[in-house]
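Enquirer: Only the shape, not the letters, is given here:
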């Protein structure tokens, strides 16, 4: 790698984990010119915050389009989507050229993150206008064609299957570049699955936290599942992905994950005091170096996913593109908070705060106050989801038992009521699961939508809800809705949580909650319209 080493302010041993891929990208062969691949790599590294000069090979020619794509992947993978790839395709670039550009830019991003972590305060690349995260409302991937291969005929897939238990889609989408794919398999084996300075589970925690911080739903979903296969509870993985500070981790482990998140999301910086604090907190220099390398790998994988557009291998428990994790400024200066974010419960004073603090200190009277205040809403939440009174009674007791046990883990980053209702929703869903297959809270059921009847409601339904018979009819109609719509209506319309609170309690994006509310309200309206229309008709005779 003589040309690259001339400009990178980094010892070769630091680059060693990524040497297999660098050797491929900077060697002979390939679809793109070798000098262009190197320029794309350097451009992405500079965009990720490395204090190096990128090389311009052209003045506005076709190669500049590839360089611009590489810079965007290096700077803000979450901002890259189908329109960027389609622009390259319209310019005449083939899938092999776009794939090679994506791999070079992803590797450059990893190199840039490594350099930035070791040369703090050297200046960062500001995110340009238009670099806010994509909305997801675009053509679904994969964006590029690939060649179907099996683990039996393709050694890299055999190695990946041995490690993951299957071949992830991120790698299946890269079969047009087999040498680069082989190099990636070797890097993943070395950095994620071998027991070296860090244990395997510690590395998986790092890549999970950094993937989420990069708003890489694919990577967070994949590595959360890998952790679960190793015995980590799904809820713990969710908390780590959302915010390590809220995950109830030991202080040393939390500090390592926080530092890794800063190292793996650029542009930004990791100050020397951060590194010294890790060394003083019990981590060795080798462990810190490896955590930074794993964070850089997570940055590489995030750029690959953004450029290839592969969908998750498993149903995501959270969409980090639409609902980013806490604790980091991830979208660049062009991002602006939405109205719902401004009203987020994390920014509001919690009315239960004093009672929660007292209960955490051991005041049982304070805990009883919380139970009395919220037991009605918890009961109605479980009852509304399960449609069963006995389940609701037992479930409400189970909810408060879990709250009592987990209260020490509550860090106050959301309202206590939001946290409590998420536990109640999960309890209701677990009980629903024990009786019949769980209906998804994420996916829309197009077969049952839209409703067909829109008879007018002459009388205000809220007035009729005061009557016991009408309440029974509404509850029965609500119980017949799909679980995802029922839970959304229950929290938003009946429990009167805000949109942000309800979405947080259900663990779904706010946009998804709004869709579920619309469809649930229309379906409930259809179910009840016959009753209200009959009540409104005048009596004859």
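Expert: Good, I have the coordinates. On a predicted model such as this, the values are computed, not experimentally measured, just so you know.
Enquirer: residue ranges with poor pLDDT in the protein?
Expert: Applying pLDDT under 70 to the chain flags residues 1-12, 53-60, 119-139, 266-274, 326-349, 433, 435-471, 495, 529-541.
Enquirer: now the longest helix anywhere in the chain, how far from the centre of its chain.
Expert: Ranked by residue count under DSSP state H, the longest helix found in the chain is helix 510-536. Centre-to-centre, helix 510-536 and its host chain are 30 Å apart (CA atoms, centre = their mean, to the nearest Å).
Enquirer: just checking, what packs against that helix?
Expert: Packing partners of helix 510-536 (3 or more CB pairs under 8 Å, 6 or more residues apart in numbering; DSSP states H and E): helix 461-464, helix 468-479, helix 483-489, helix 499-506. For glycine as for every other residue, the C-beta is placed from the backbone atoms N, C-alpha and C.
Enquirer: so can I have CSV of those helices showing mean neighbour count and distance to residue 320?
Expert: Output for the helices and strands packed on helix 510-536, formatted as CSV (neighbours: other CB atoms under 10 Å; distance: least, CB to CB, whole Å):
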stretch, mean neighbour count, distance to residue 320
helix 461-464, 12, 37
helix 468-479, 14, 31
helix 483-489, 25, 20
helix 499-506, 25, 14
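Enquirer: Mind putting the ones you listed into CSV with distance to residue 164?
Expert: Shown next, in CSV, are the helices and strands packed on helix 510-536 (distance: least, CB to CB, whole Å):
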stretch, distance to residue 164
helix 461-464, 51
helix 468-479, 40
helix 483-489, 29
helix 499-506, 29
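Enquirer: Looking at the ones you listed, which is nearest to residue 426?
Expert: Closest approach to residue 426 among the helices and strands packed on helix 510-536 (CB to CB): helix 499-506, 9.3 Å.
Enquirer: now for the closest one, which elements pack on it?
Expert: For helix 499-506, the packing partners by 3+ CB pairs under 8 Å, 6+ apart are helix 339-342, helix 416-435, helix 483-489, helix 510-536.
Enquirer: and the angle for that helix with helix 416-435?
Expert: For helix 499-506 against helix 416-435, the angle by axes from the mean of the first three to the mean of the last three CA atoms, to 10 degrees is 40 degrees.
Enquirer: buried stuff in stretch 361-381?
Expert: Neighbour-count burial for stretch 361-381 flags 366, 367, 369, 370, 371, 374, 377, 378, 379, 380, 381 (criterion: 16 or more other CB atoms under 10 Å).
Enquirer: how many other residues sit next to the residue nearest to the last one when sequence neighbours are not counted?
Expert: Closest residue to residue 381 in three dimensions, ignoring its sequence neighbours and counting by CB to CB, 6 or more residues apart in numbering: residue 424, at 4.3 Å. Residues near residue 424, counting by other CB atoms under 10 Å, number 31.
Enquirer: residues in contact with residue 424?
Expert: 377, 378, 381, 382, 395, 396, 399 (CB atoms under 8 Å, 6 or more residues apart in numbering).
Enquirer: can you give me the helices in the stretch 51-200 of the chain?
Expert: Remark: helices assigned in the stretch 51-200 of the chain by DSSP state H, counting those that start in this stretch are 62-75, 82-90, 95-118, 155-164, 169-172, 178-188, 200-213.
Enquirer: right, and those helices - which one's nearest residue 484?
Expert: With CB to CB as the measure, helix 200-213 is the member of these nearest residue 484 (22.8 Å).
Enquirer: That closest one packs against which elements?
Expert: Using 3+ CB pairs under 8 Å, 6+ apart, helix 200-213 sits against helix 217-229, helix 234-242, helix 251-264, helix 285-308.
Enquirer: Output the contacting helices and strands for the second one.
Expert: If contacts are counted by 3+ CB pairs under 8 Å, 6+ apart, helix 234-242 sits against helix 200-213, helix 217-229.
Enquirer: related to what we said a few turns ago, and the longest helix of the chain with helix 499-506, angle?
Expert: With the same axes, to 10 degrees applied, the angle from helix 510-536 to helix 499-506 works out at 100 degrees.
Enquirer: Sort out which residues of helix 510-536 are buried, please.
Expert: By neighbour count on 16+ other CB under 10 Å, the buried set for helix 510-536 is 510-517, 519-529, 531-532.
Enquirer: what do you get for stretch 175-192?
Expert: So for stretch 175-192, counting by 16+ other CB under 10 Å, buried means 175-177, 179-188, 190-192.
Enquirer: With distance to residue 323 as extra columns, can I get the helices of the stretch 51-200 of the chain in CSV?
Expert: Shown next, in CSV, are those (distance: least, CB to CB, whole Å):
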stretch, distance to residue 323
helix 62-75, 22
helix 82-90, 20
helix 95-118, 23
helix 155-164, 26
helix 169-172, 21
helix 178-188, 27
helix 200-213, 10
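Enquirer: Looking at these, which is nearest to residue 229?
Expert: When the helices of the stretch 51-200 of the chain are compared (using CB to CB), the closest one is helix 155-164, at 8.7 Å.
Enquirer: what helices or strands is that closest one leaning on?
Expert: Packed against helix 155-164 by the contact rule (3+ CB pairs under 8 Å, 6+ apart) you find helix 169-172, helix 178-188.
Enquirer: Tell me which of these lies nearest to residue 106.
Expert: Nearest to residue 106, of these and by CB to CB, is helix 178-188 at 9.1 Å.
Enquirer: and the closest one, what other elements does it pack with?
Expert: Going by 3+ CB pairs under 8 Å, 6+ apart, helix 178-188 lies up against helix 19-25, helix 155-164, helix 169-172.
Enquirer: let's see 7 Å
Expert: helix 19-25, helix 155-164 (3 or more CB pairs under 7 Å, 6 or more residues apart in numbering; DSSP states H and E).
Enquirer: count of neighbours near the residue nearest to residue 209 when sequence neighbours are not counted?
Expert: The spatial neighbour of residue 209 that comes closest, neighbours along the chain excluded (CB to CB, 6+ apart), is residue 257 at 4.7 Å. Residues near residue 257, counting by other CB under 10 Å, number 23.
Enquirer: In contact with residue 257: list those residues for me.
Expert: Residues in contact with residue 257 (CB atoms under 7 Å, 6 or more residues apart in numbering) are 205, 206, 209, 240, 244.
Enquirer: Look up how far residue 71 lies from the second one.
Expert: Distance of residue 206 to residue 71, given as CB to CB, to the nearest Å: 26 Å.
Enquirer: okay, these two: which has more neighbours?
Expert: Comparing residue 206 with residue 71 by other CB under 10 Å, the one with more neighbours is residue 206, at 32 against 22.
Enquirer: for that one, what are its contacts?
Expert: 257, 260, 291, 294, 295.
Enquirer: Show me which pair in these is furthest apart.
Expert: With CB to CB as the measure, no two of those lie farther apart than 257 and 294, at 10.7 Å.
Enquirer: returning to that earlier point: deepest of the helices and strands packed on helix 178-188, which one?
Expert: By mean neighbour count, with neighbours taken as mean count of other CB atoms under 10 Å, helix 19-25 ranks first of the helices and strands packed on helix 178-188 at a mean of 20.
Enquirer: How far off centre is the helix or strand that it is followed by?
Expert: Toward the C-terminus, helix 19-25 is succeeded by helix 34-47 as the next helix or strand (DSSP states H and E). Averaged C-alpha coordinates place helix 34-47 at 28 Å from its chain's average position (CA atoms, centre = their mean).
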